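Peer 1: Show me the folded form of this:
(one chain, ligands or ions: 2)
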Amino acid sequence: MTIHTDISPTLKLIRLPHGEGLELPAYETKGAAGMDLRAAVEEGATLTIAPGKRALVPTGFIFEVPDGFEAQIRPRSGLAFKNGITCLNSPGTVDSDYRGEVKVILANLGDEPFEITRGMRIAQMVIAPVTQVRVAEISEISETARGAGGFGSTGV
Ligand SMILES: O=c1ccn([C@H]2C[C@H](O)[C@@H](COP(=O)(O)OP(=O)(O)OP(=O)(O)O)O2)c(=O)[nH]1
Ligand SMILES: [Mg+2]
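Peer 2: Ligands and ions are numbered 1, 2, ... in the order given. As a prediction, the model looks like this:
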């Protein structure tokens, strides 16, 4: 995959005091779609998510998502497969006008308590283009072959 960095938008960010010393979000490989986000939990502390529970995990950064884009917060497949850890609201949506700290809503669907320590890569963030549509209320909907069929109407 060729990533055209010359035309890539810039993701500006502010590091918060509790993000001090954390690595910047980064693409871990050349063709990675997502930048890994790290847990900004207190140094030496452990945030434990019990099975079936959730936690709001700080990242230590405020992002200025470029106009016309969103940031999607998605689970990491390794944590999902090995530990049952997912983002409860996946994909989380970070609006381009949001100016608060980005946080990750992690849920533990596994059988064991999951321990999070400072700097752990807990999720990934994909920057994606957004389309905002106009809305028009109409009195008749157009006909299609599918019609109102859905939810498995085409078979398995
Ligand atoms: O995983 C997430 C999802 C959202 N947010 C932040 C950025 C986003 O712009 C804001 C609002 O998110 P969303 O619109 O999904 O939540 P809401 O419940 O609709 O809140 P609001 O009424 O503030 O829009 O919360 C995060 O930090 N992490
Ligand atoms: Mg909202």
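Peer 1: Could you use CA atoms for every contact and neighbour count after this?
Peer 2: Will do.
Peer 1: doesn't Val59 fall inside a helix?
Peer 2: Just to correct that, residue 59 is Thr rather than Val. No: Thr59: not assigned to a helix; according to DSSP: H, G, I helix; E, B strand; the rest coil it is strand.
Peer 1: contacting residues for it?
Peer 2: Neighbouring residues of Thr59 by C-alpha atoms under 8 Å, 6 or more residues apart in numbering: Gly19, Leu37, Arg38, Ala39, Ala40, Glu101, Val102, Lys103, Val104.
Peer 1: what do you get for Cys87?
Peer 2: Ile73, Arg74, Pro75, Val104, Ile105, Leu106, Ala107, Ala123.
Peer 1: Out of those residues, list just those in strands.
Peer 2: With strands taken from DSSP state E, the overlap with the contacts of Cys87 comprises Ile73, Arg74, Val104, Ile105, Leu106, Ala107, Ala123.
Peer 1: is the last one in a bridge, and if so with what?
Peer 2: Residues in a beta bridge with Ala123, per DSSP bridges, are Leu37.
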